[in-house]
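Okay, here's the prediction I keep looking at, along with the sequence it came from:
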Amino acid sequence: MTKISLPFNSPLLTKDFVYGVATASFQIEGGYEHRLPCIWDTFCSTAGKIADNSHGHIACDHYNNWQQDIDLIESLGVDAYRLSISWPRVMTQDGKLNPVGVKFYTDILDELKRKNIKAFVTLYHWDLPQHLEDEGGWLNRKTAYAFEQYVELITNAFGTRVYSYATLNEPFCSAFLGYEIGIHAPGLVGK
């Protein structure tokens, strides 16, 4: 693979500058059979919500091709990768860690570390487990407590593999687009 040269002579690129790429779990992973359903699965299967009726069951199949994807990231010459953790992939419905899901991400994080790529992890990028939405989702305080439990378990499981965490990706999108105007999952209006 050919490595791309970054514009290292730019005055913007100080020694602390982190140059990276980012993805979102639901948008790239696929591997639907290895996780719980999430609000985007339900939203995508609701008639009229997605213009071309696409869904995330396969996406670009990062679940099965993550090693090649990390090789591509490395070929860009970046030093950081922001990925999100799929809550429904790493947790069971009864609030325990799903070892298969955790292994998927620890393998990725270990490979990033081997390649000297810093892992920036987003803990919530809009893929709320559907069973929590069925109980009111973010409008029910129980979801906040479930999120706290998920965060504690997953950050302990990942340990020092992660360089930095972000709690929520674009909270405006979840709150306003998902619960006020209904054009993002869960597709509610006026909540």
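Noted; the coordinates are in hand.

C-alpha from now on. contacts and neighbour counts both.
Noted.

Can I get the longest strand out of those in the chain as PDB, trimmed to CA atoms?
Using DSSP state E, we find that the single longest strand of the chain is strand 118-124. Output of strand 118-124 as PDB, limited to C-alpha atoms (Å, rounded to 0.1, in the frame of the first residue of the first chain):
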ATOM      1  CA  LYS A 118      -4.400   6.600  18.900                       C
ATOM      2  CA  ALA A 119      -7.900   5.300  19.600                       C
ATOM      3  CA  PHE A 120     -10.400   8.000  20.300                       C
ATOM      4  CA  VAL A 121     -13.700   6.300  21.300                       C
ATOM      5  CA  THR A 122     -17.200   7.700  21.200                       C
ATOM      6  CA  LEU A 123     -19.400   5.800  23.600                       C
ATOM      7  CA  TYR A 124     -22.700   6.700  22.000                       C
END
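
Any idea what the most centrally placed residue in the chain is bridged to?
The geometric centre of the chain, computed from its C-alpha atoms, lies nearest to residue 84 (C-alpha atoms, centre = their mean), at 2.4 Å. Beta-bridge partners for residue 84, by DSSP bridges, are residue 122.

what's around residue 97, how many residues?
Number of residues near residue 97 (other C-alpha atoms under 10 Å) recorded here: 19.

Please read the previous query as pertaining to residue 115.
Other residues close to residue 115 by other C-alpha under 10 Å number 14.

In terms of pLDDT, where does it sit?
pLDDT, residue 115: 98.

Residue 5 too?
Model confidence at residue 5 (pLDDT) stands at 66.

what about the strands in this protein?
Using DSSP E, strands in the chain cover 20-22, 80-84, 118-124, 164-168.

With distance to residue 93 and mean pLDDT added, can I get those in JSON lines?
Below are these laid out as JSON lines (distance: least, C-alpha to C-alpha, whole Å; pLDDT from 0 to 100):
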{"stretch": "strand 20-22", "distance to residue 93": "28", "mean pLDDT": "97"}
{"stretch": "strand 80-84", "distance to residue 93": "19", "mean pLDDT": "99"}
{"stretch": "strand 118-124", "distance to residue 93": "17", "mean pLDDT": "99"}
{"stretch": "strand 164-168", "distance to residue 93": "21", "mean pLDDT": "98"}
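
With distance to residue 141 added, can I get the ones you listed in JSON lines?
Below are the strands of the chain laid out as JSON lines (distance: least, C-alpha to C-alpha, whole Å):
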{"stretch": "strand 20-22", "distance to residue 141": "30"}
{"stretch": "strand 80-84", "distance to residue 141": "23"}
{"stretch": "strand 118-124", "distance to residue 141": "16"}
{"stretch": "strand 164-168", "distance to residue 141": "16"}
